[in-house]
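A.B. asks: Sharing a model prediction with you, sequence too.
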Amino acid sequence: MPRFKFFLSSGNNPVREGDFVWLTPIPLSRHPSVRTFEPDSDIFINHGDYYTAVRNFLQRDRYAIITQTVSQYLHRNITADEIEEIRIFLDKHGEFYHPSKVEAVLQAVKIPFVLNVAVTDVGKQYAQREYRLLKRLNTQYPDSFIPKVYALDSVFTKMDQVETRMFLGEWFEGFSEFHMSLDPSDGKRKIIVWDHEHGNFFLTPHQTMELYRQAAKILTYYYNVLNFEQIFSWHHAAGDFVLTCQEDDIELKLVTVRQYRSMYENTIVSESIEPDSELIIEALLVFFLNMAIKMRIDRLDGVGDIVWSDDVALKGILKGFFEALALKPEISVFAEPLNDGFRQHLLSCSRADFFDLNHAIVRTYPSQAPEVPVIRQHLEKHVEDLYNSIRQLEKV
């Protein structure tokens, strides 16, 4: 049967049963200043509880979860005896999950997966919902920019007093988190990639534009133009997108889907009846403008002040949005492709239309949200630059 080995973020940080780290409580946030106790119950778990719960999850039913998942990955059936070692790397601590990288080692091949572990009541609710959403979207859409998921279960730890909930999913090997940061070489704000294997690096302007193009394309790809369902509650500050870089080319993935619902929850849209063209265009416009605002928000170095991206983002957002829109199936209420019709609608909007609608969208944001003052500070220039960028569509 497989041997288990436990680590912190890398193989250079082994954790052994009974040592200092094993007995230390895990933080319940990516922010070091936040206490380690669960706010509503003061129940906490230490690293040993965490690793034990993960081991119990993977050992359940004679290693059925891990053997089935590895078999699916390798496209052949394997047995638990063929897996020589299972390595658990506690990767980081988020608002809802404490994800680990799980490596199954067999015949000198390391097969990686992610295991999202929830401890708090809110986190466990998110795990249940996200597993279902990821499974649904991977079934519903032919292309995939989100992780596949394989198994969800609950495990009790700390002498059966604390329930954890966890799901096993696809690990995007070679992908890294990124955030805005100050480049010490010139003092300018740029996107830095947290590449723990080869060293952190800043993106070029072209790569930055490409990042925003792909992020906008991914979100628009999963937008349902008929019932207005979309991916909600994504944040650059939370590290929801990750990227890999080969020379000047980058590839982006979205690692989480916390919510997927219609922006018009009180509007009943039948599955069998297409909504009228005006409602489709209206909803698409709100989706696009809201995405364009939120795409420009991050936290400096992931945990610092709220910051706003520079104008290179807009070019990428527009390009990615229309690329994904061109992939949408034909809609009978439109005489022309949706991307052509929406392009004409954008060009018909006045500068005042954009100002009014963008301000109306921002008014729907929670007033206490920390990003709102930053958005308001930059909104007028954002709308002006967006309007001018849209005017360039006439020349396309």
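C.D. replies: Right, received. Where do you want to start?
A.B. asks: Please parse this structure into its domains.
C.D. replies: Structural domains annotated on the chain: 3-170, 176-395, as defined by automatic domain parsing.
A.B. asks: now the ones you listed in CSV, with mean pLDDT and mean neighbour count?
C.D. replies: For every residue, glycine as well, the C-beta is placed using N, CA and C. What follows is the domains of the chain, written out as CSV (pLDDT from 0 to 100; neighbours: other Cβ atoms under 10 Å):
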stretch, mean pLDDT, mean neighbour count
domain 3-170, 89, 17
domain 176-395, 93, 17
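A.B. asks: Next up, the contacts around residue 383.
C.D. replies: 351, 354, 355, 358 (Cβ atoms under 8 Å, 6 or more residues apart in numbering).
A.B. asks: Now with 10 Å, please.
C.D. replies: Contacts for residue 383 (Cβ atoms under 10 Å, 6 or more residues apart in numbering) come out as 289, 292, 293, 351, 352, 353, 354, 355, 356, 357, 358, 359.
A.B. asks: Determine the three-state secondary structure at residue 318.
C.D. replies: Using DSSP: H, G, I helix; E, B strand; the rest coil as the criterion, the local structure at residue 318 reads helix.
A.B. asks: if I read this right, it contacts residue 312, doesn't it?
C.D. replies: No - Residue 318 is not in contact with residue 312 according to Cβ atoms under 10 Å; the separation is 11.5 Å.
A.B. asks: Now the common contact residues for those two.
C.D. replies: residue 212.
A.B. asks: Which residue ranges of the stretch 251-396 of the chain form helices?
C.D. replies: Read by DSSP state H, counting those that start in this stretch, the stretch 251-396 of the chain holds these helices, from start to end of the chain: 277-294, 312-325, 338-348, 351-363, 372-391.
A.B. asks: of the ones you listed, which approaches residue 260 most closely?
C.D. replies: In terms of Cβ to Cβ, the element of these nearest to residue 260 is helix 277-294, at 13.0 Å.
A.B. asks: and the closest one with helix 351-363, angle?
C.D. replies: 70 degrees (axes from the mean of the first three to the mean of the last three Cα atoms, to 10 degrees).
A.B. asks: Format the CA atom coordinates belonging to helix 277-294 as PDB.
C.D. replies: This file holds the C-alpha atoms of helix 277-294, laid out as PDB (Å, rounded to 0.1, in the frame of the first residue of the first chain):
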ATOM      1  CA  SER A 277     -33.400  40.300 -28.300                       C
ATOM      2  CA  GLU A 278     -33.600  43.500 -26.300                       C
ATOM      3  CA  LEU A 279     -33.300  41.600 -23.000                       C
ATOM      4  CA  ILE A 280     -30.400  39.500 -24.300                       C
ATOM      5  CA  ILE A 281     -28.500  42.700 -25.400                       C
ATOM      6  CA  GLU A 282     -29.300  44.500 -22.100                       C
ATOM      7  CA  ALA A 283     -28.100  41.700 -20.000                       C
ATOM      8  CA  LEU A 284     -25.000  41.200 -22.100                       C
ATOM      9  CA  LEU A 285     -24.200  44.900 -21.800                       C
ATOM     10  CA  VAL A 286     -24.400  44.800 -18.000                       C
ATOM     11  CA  PHE A 287     -22.300  41.600 -17.900                       C
ATOM     12  CA  PHE A 288     -19.600  43.200 -20.100                       C
ATOM     13  CA  LEU A 289     -19.400  46.500 -18.200                       C
ATOM     14  CA  ASN A 290     -19.400  44.900 -14.800                       C
ATOM     15  CA  MET A 291     -16.700  42.500 -15.900                       C
ATOM     16  CA  ALA A 292     -14.600  45.400 -17.300                       C
ATOM     17  CA  ILE A 293     -14.700  47.100 -13.900                       C
ATOM     18  CA  LYS A 294     -13.900  44.100 -11.800                       C
END
